[in-house]
Structure formats: C-alpha cells, structure tokens
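> Only the shape, not the letters, is given here:
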C-alpha cells in the first residue's frame with residue numbers, strides 16, 4: 001500500500017499569486033474595518049477549528065476499522081474529496097471559509113483510515129508519527145518566531161522547487177510503475193528508500209516556514225478576513241503531508257529490521 005505525497009497549496013505559498021490578486025480585489029473594492037481584516041489570532045483559531053475537524057474525521061474511520069467495518073470508501077473517498085477542495089481553494093481563496101472545514105473533515109477520514117491500518121499491523125506507529133509531527137511543527141515554529149530561520153526569496157524558491165521536484169518524481173514513478181510494472185526505489189525498505197523519506201520529510205518541514213511567512217505577511221498586509229481560513233488550510237495541508245511522510249518512514253524502519 002503506497003500513499004504519494006502531494007501539497008497543491010505550494011503553488012500559492014506566496015500571497016503574490018492568485019490568492020493575493022483575489023484578496024487585493026476585495027481589499028481595494030471597499031473600505032474594511034479591523035473586524036474584516038486577517039489577524040494572527042483569527043488564523044490560529046481557524047487552524048484549531050480545522051484541527052478538531054480533522055480529528056473528528058480521523059476518529060470516525062479509526063472507530064469503523066476497529067469495529068470491523070469497511071473503511072475503504074470513506075477513507076479514500078475522503079482523500080479524493082479533500083484533494084478537490086484544496087485545488088478549488090487554491091484558485092478561489094475567497095471560498096476558503098466553506099472549503100477549509102470540508103477539507104479538514106474529509107482528509108481526516110483518510111488519515112484515520114490509513115492510521116488504523118498501520119496501527120493494527122505495527123502497534124505504536126501512529127503515536128510516534130503524531131509525536132514526530134508535533135515536535136517538528138513546534139521546532140519550526142520556534143525557529144521562525146525567533147528569526148533563527150529567515151524566509152527570504154531565495155529560501156522560498158529553493159523550497160518550492162524542491163517540493164515540485166518531489167511531486168514530479170512521485171507522479172512519474174507512479175505512472176511508470178503502472179505502465180512498466182516495476183517497483184520504484186522509494187517503495188522499498190532499503191537504505192536508499194529510507195534516505196528518500198528523510199529528504200522528503202525535511203522538505204515538508206521547510207514548507208512550514210513558508211506557511212508561517214504566508215500567514216505573517218497576510219496579517220501585515222491586512223488581507224481580507226477569509227484569508228485566515230486560506231492560511232489555516234495551507235498549514236493543515238503541510239501538516240498532513242508531514243504526518244503521512246513520518247508514517248511512511250516509520251513503516252520502512254519497522255520493515256527494515
């Protein structure tokens with residue numbers, strides 16, 4: 001069973017793209033007061049709401065699996081719906097207040113499903129993946145907050161290029177495996193595969209800095225209120241990607257013993 005990484009929000013990591021153009025249209029179309037502007041506290045609250053919805057979806061499929069119910073439809077159906085919602089939001093950020101909650105819940109169905117499957121075979125793997133994701137998030141947040149890591153234009157370019165390269169590699173290897181019936185190296189449990197997973201985790205973690213910078217810039221530029229949902233959704237996409245990559249790495253390490 002293989003789960004390819006994807007972060008469609010990377011094309012909008014910088015508010016200077018479609019998200020900015022849409023936000024600027026709203027911002028310049030009318031005079032908005034403080035209650036209509038993006039704030040840091042508002043974005044934190046939206047992120048908390050999305051996290052709770054993600055947990056709700058995860059708990060549902062987790063409960064279904066351990067009660068011997070079929071989770072394939074809700075889990076993989078949730079992944080597909082979540083992906084579609086992210087794509088729509090990337091091009092229509094003004095709809096994020098409606099799309100982001102849906103994304104969090106449906107993606108939660110997927111996360112809960114694959115987590116339950118892995119936990120049943122490798123007890124303890126889920127809590128380790130959750131812990132690794134949380135620690136990575138807190139470390140990156142601290143490094144960003146105290147300006148130890150500064151998000152420059154060059155930093156953004158390198159991280160986005162690396163993320164695009166990973167997405168392209170996963171897509172090509174997946175298509176090639178279907179056409180030529182071979183197993184890509186990152187599907188295995190050898191040192192090369194483990195090394196690839198570590199590299200991908202590092203790039204996913206670096207994407208967190210882009211998320212933090214995007215949110216901070218949005219607050220500074222007094223973007224419209226709906227950008228709180230957009231920023232929170234982008235952060236959740238990265239955290240989900242990071243969690244899945246940690247699951248993959250721990251699975252490889254368990255099978256490599």
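Arrived safely, thanks for sending. Everything numeric in this text was worked out from a predicted model, so none of it was measured.

> Quick check: chain neighbours aside, which residue is closest to residue 143?
Once flanking residues are discounted, residue 143 sits nearest to residue 149: 4.4 Å by CB to CB, 6 or more residues apart in numbering. In short, each C-beta sits where N, CA and C put it, glycine included.

> Does the one you found touch residue 141 like I think?
No. Assessed by CB atoms under 8 Å, residue 149 is found out of contact with residue 141, at 10.4 Å.

> Tell me which of the two has more neighbours.
Comparing residue 149 with residue 141 by other CB atoms under 10 Å, the one with more neighbours is residue 149, at 17 against 14.

> give me every residue that touches the residue nearest to residue 143.
Counting by CB atoms under 8 Å, 6 or more residues apart in numbering, residue 149 touches 140, 143, 209.

> Filter those residues down to the buried ones and express that as a ChimeraX selection.
Buried residues within these, by 16 or more other CB atoms under 10 Å, are selected in ChimeraX with:
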select :140,143,209
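
> what about the stretch 151-257 of the chain, any weak spots by pLDDT?
257 (pLDDT under 70).

> what ranges do the helices span in it?
Applying DSSP state H, counting those that start in this stretch to the stretch 151-257 of the chain gives helices spanning 153-180, 191-220, 227-255.

> between the first one and helix 191-220, how big is the angle?
So the one you mean is helix 153-180. Using axes from the mean of the first three to the mean of the last three CA atoms, to 10 degrees, the inter-axis angle of helix 153-180 relative to helix 191-220 is 130 degrees.

> Mind listing what's buried along helix 153-180?
So helix 153-180, judged by 16+ other CB under 10 Å, has buried residues 156, 159, 160, 162, 163, 166, 167, 169, 170, 173.

> ok, the residue nearest to residue 196 when sequence neighbours are not counted - contacts?
Take residue 196 and drop its neighbours on the chain: the residue closest to it by CB to CB, 6+ apart is residue 186, 4.5 Å away. Residue 186 makes contact with 170, 173, 192, 193, 196, 197 under the criterion CB under 8 Å, 6+ apart.

> with these in mind, which one is nearest to residue 103?
residue 170 (20.4 Å; CB to CB).

> Please tell me how far that closest one sits from residue 243.
16 Å (CB to CB, to the nearest Å).

> contacting residues around residue 40?
215, 216, 219.

> rerun at 7 Å
Residues in contact with residue 40 (CB atoms under 7 Å, 6 or more residues apart in numbering) are residue 219.

> Equivalent analysis for residue 65, please.
Counted by CB under 7 Å, 6+ apart, residue 65 has contacts 71, 113, 116, 117.

> ok, back up a step: redo the helices of the stretch 151-257 of the chain as TSV? Include distance to residue 136.
Converted to TSV, these look like this (distance: least, CB to CB, whole Å):
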stretch	distance to residue 136
helix 153-180	15
helix 191-220	5
helix 227-255	6
